[in-house]
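>>> Quick one, fold the following:
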Amino acid sequence: MLKVSCPQCGAEVVFRSAALPSRVCDYCRTMLVRSPEGVAPVGTATEVPFDMSPIQLGTRGSFEERRFDVIGRVRWAYDQGSWNEWLLLFGNGETGWLGDSMGQFMMLFERPVADLRSPEAKRLIEGGEAAPGTEFQADGEKLVVGDARQVTCIACEGELPYRMPQGWRAYSVDLRSRSGRCASIQRDADGTSFYDGRYVTLAELSPTDLRRFDGWSVPAHG
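This next block holds a predicted model:
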């Protein structure tokens, strides 16, 4: 853990993970990037638009008996809506993403894109598009495209694995299987990434320190 003073406003900024280079100051929204030379500002992050997600920075939970803390968020948008991707830090230093869209939650971990072994994956990596219903293969299991669209990062907060995602555009493909498995492929100017996992329920994660809303009863575990 690294604690520094924000060079813009002087507030304390905490970097929880040594593997993550970027952090948005909680007070002045300055995007900070650390390097061997120190911590430097590289811009200002837009305030994340209000939503009704029960997750927030500082929420804690458990996935398959492994504890995690929510330490970052990226807000993606497309022409018909938006969703959150929460960055999770596990006790062993591993990170994962919790997709959060319209009450559905997806636990995803990055894998080598080469694990997608199908002609459709090769065409997508080379710049092609994936129509809904297209089939991919991973680990011998069929994954079907549920949606594919151009998306833009409109806001971010907390710790992040990249420098300044705001304004970042990508081609995003969502996949799912009958077993409850889900996956996401994102292609941008720097290459293609593959995230694999499964659908989860909020109760399954036993989260604590959830956001509170008027008229909503926080679950006992929250």
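>>> what bridges to the closest residue to Asp51 other than its chain neighbours?
Leaving aside its sequence neighbours, Asp51 sits nearest to Asn84 (Cβ to Cβ, 6 or more residues apart in numbering; 7.1 Å). Yep, even glycine has a C-beta here, placed from its N, CA and C like the rest. When bridges are taken as DSSP bridges, the partners of Asn84 come out as Arg75, Asp100.
>>> what about Asn84, distance to Leu143?
The gap separating Asn84 from Leu143 is 22 Å, by Cβ to Cβ, to the nearest Å.
>>> And the pLDDT at the residue nearest to Asp51?
On the pLDDT scale, Asn84 is placed at 96.
>>> Counting neighbours, which bits of the longest strand anywhere in the chain end up buried?
Looking across the chain with DSSP state E, the single longest strand is strand 141-160. For strand 141-160, a neighbour-count test (16 or more other Cβ atoms under 10 Å) marks 143, 145, 148, 151-160 as buried.
>>> again, but for stretch 189-206
Buried residues in stretch 189-206 (16+ other Cβ under 10 Å): Thr192, Phe194, Tyr195, Asp196, Gly197, Val200, Leu202, Leu205.
>>> so what strands line up beside the helix or strand that contains the fourth one?
In the assignment (DSSP states H and E), Asp196 maps to strand 191-200. Using DSSP bridges, the strands paired with strand 191-200 are strand 104-111 (antiparallel), strand 181-188 (antiparallel).
>>> what packs against the helix or strand just after it?
Moving toward the C-terminus from strand 191-200, the first helix or strand encountered (DSSP H and E) is helix 202-205. Using 3 or more Cβ pairs under 8 Å, 6 or more residues apart in numbering; DSSP states H and E as the contact test, the elements touching helix 202-205 are strand 60-63.
>>> Quick one: list the elements packing against the strand it packs on.
For strand 60-63, the elements it packs on are strand 66-78, helix 202-205, judged by 3+ Cβ pairs under 8 Å, 6+ apart.
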